[in-house]
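Novice: what's the 3D shape of this:
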Amino acid sequence: MKIGFLFAGQGAQHPGMGKDFYEHYDCARAVYDSVDIDIDVKQLCFAGTQEELNDTAVAQPCILTTSSAIVSVLRAHGIEASAVAGLSLGEYSALAYAGVFTPAQGASLVRARGKIMAEALPAGTSGMAAVLNTEASVIREVCEEVRTIGVCEIANYNCPGQIVISGQKAAVEAATEKLKERGASRVIPLAVSGAFHTSLLQEASQKLEQVLQTYTFASPGVPVIANVSGVQETRDLKEVLKEQICHSVQFTQSIETMLAMGIDTFIEIGPGHSLSGFVRKTSRDVKTYSIDTVADMEKVLQEVHAHEC
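Specialist: Numbering: from 1, shown residues only. Below you'll find the model as predicted:
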């Protein structure tokens, strides 16, 4: 068994996330208690409303903290990854696991990242939508066709059969209608607060760079597969993260890279189950698990340890 961890991005955050881990595991409690930023992450995770959690400047530190708390339990039980990746924000959770910075530093960093993104993309002006079962070339053509209306670009290559478009609201809506006319089986608006991973965040990437320069990064202790390229980057991590905010997420390629590394068991960490679905769409020959609750954790611990025996 060769294990890879996948860390959740935004979109699946929910009220109460991580509360059962805080109550059941000392190591998870220690992660939450270590985070000291200008919002009460514990209160928001455990008792916040969905509306509060959908604010990107809130969602980002809450998801990273929850993911870090969950993975601390795996680590405490001797389960480690041979490689890691994360979807968008999840890349920061992956870097925290790899020891590049602590969960507390990560929460502070993505809080700043979220504020920068929210400022660049006022609520209601932009959005994202998942396009199912449509060729990338067709999606690129449609994005080009709606340029007279506004920015609309491919933001995420999630898995075979699912690509996410992102941009200004009117342009995304126009592209949605055109894609349905071109045969897209479904186009699903996503529960995010802005057009992430597009050129609309070019200026934000410059501001993020300034924030990144105030942090000291350690070298990752485990291979981290980068969103921007879908491979393990040799470039400076701060440059990679600056680019990531306004660049397409190559998640299909990331999974394929991990498969080529021999990863045969993928454990998704954090709220939601979508990343496991992306893996299964990419390869039927691997085991996938998702950990969002203590019940999920107990199942994984039992099955992984049983396999090791």
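Novice: Which residues are in contact with the residue nearest the centre of the chain?
Specialist: The centroid of the chain falls nearest to residue 9 when counting by Cα atoms, centre = their mean (2.3 Å). Counting by Cβ atoms under 8 Å, 6 or more residues apart in numbering, residue 9 touches 63, 86-90. In this view, the C-beta of every residue, glycine as well, is placed from N, C-alpha and C.
Novice: Report whether it is found in a strand, as I expect.
Specialist: No - read with DSSP: H, G, I helix; E, B strand; the rest coil, residue 9 is coil and lies in no strand.
Novice: State the phi and psi torsions of it.
Specialist: phi -100, psi -170 (degrees, to the nearest 10).
Novice: can you count the residues close to residue 131?
Specialist: 27 (other Cβ atoms under 10 Å).
Novice: Show me what it is bridged to.
Specialist: Using DSSP bridges, the beta-bridge partners of residue 131 come out as residue 163, residue 187.
Novice: ok, now residue 154?
Specialist: residue 165.
Novice: What is the neighbour count of it?
Specialist: The number of residues packed near residue 154 is 19, by other Cβ under 10 Å.
Novice: rewinding a little: look at the residue nearest to the centre of the chain and report its pLDDT.
Specialist: For residue 9, the model assigns a pLDDT of 93.
Novice: what about the helices in the stretch 51-200 of the chain?
Specialist: Here the stretch 51-200 of the chain has its helices, by DSSP state H, counting those that start in this stretch, at 56-76, 90-97, 103-120, 136-145, 169-181.
Novice: just these: most buried one?
Specialist: Counting by mean count of other Cβ atoms under 10 Å, helix 90-97 has the highest mean neighbour count of the helices of the stretch 51-200 of the chain, with a mean of 28.
Novice: So which bits of stretch 146-166 are buried?
Specialist: Neighbour-count burial for stretch 146-166 flags 146, 149-159, 162-166 (criterion: 16 or more other Cβ atoms under 10 Å).
Novice: coming back round to it: which among the helices of the stretch 51-200 of the chain is found nearest to residue 222?
Specialist: helix 90-97 (7.3 Å; Cβ to Cβ).
Novice: Quick one: residues in contact with that closest one.
Specialist: So helix 90-97 is contacted by 5-9, 60, 63-64, 67-68, 71, 81, 84-86, 101-103, 105-106, 109-110, 113, 220, 222, 224-227, 237, 241, 244, 269-270, 275 (Cβ under 8 Å, 6+ apart).
Novice: thinking again about what came up before, any chance of the contacts of residue 9 in TSV, with pLDDT and distance to residue 184 too?
Specialist: Formatted as TSV, these follow (pLDDT from 0 to 100; distance: Cβ to Cβ, whole Å):
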residue	pLDDT	distance to residue 184
63	98	28
86	98	27
87	96	21
88	95	22
89	96	26
90	97	26
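Novice: And the residues you listed, which is closest to residue 128?
Specialist: Among those, and counting by Cβ to Cβ, the member closest to residue 128 is residue 88, at 10.4 Å.
Novice: Just give the closest residue to that closest one, not the sequence neighbours.
Specialist: Computed as Cβ to Cβ, 6 or more residues apart in numbering, the closest residue to residue 88 that is not its neighbour in sequence is residue 9, at 3.9 Å.
Novice: how close does that neighbour sit to residue 247?
Specialist: 14 Å (Cβ to Cβ, to the nearest Å).
Novice: re earlier: nearest to residue 306, out of the helices of the stretch 51-200 of the chain?
Specialist: Here helix 56-76 is closest among these (Cβ to Cβ), at 15.2 Å.
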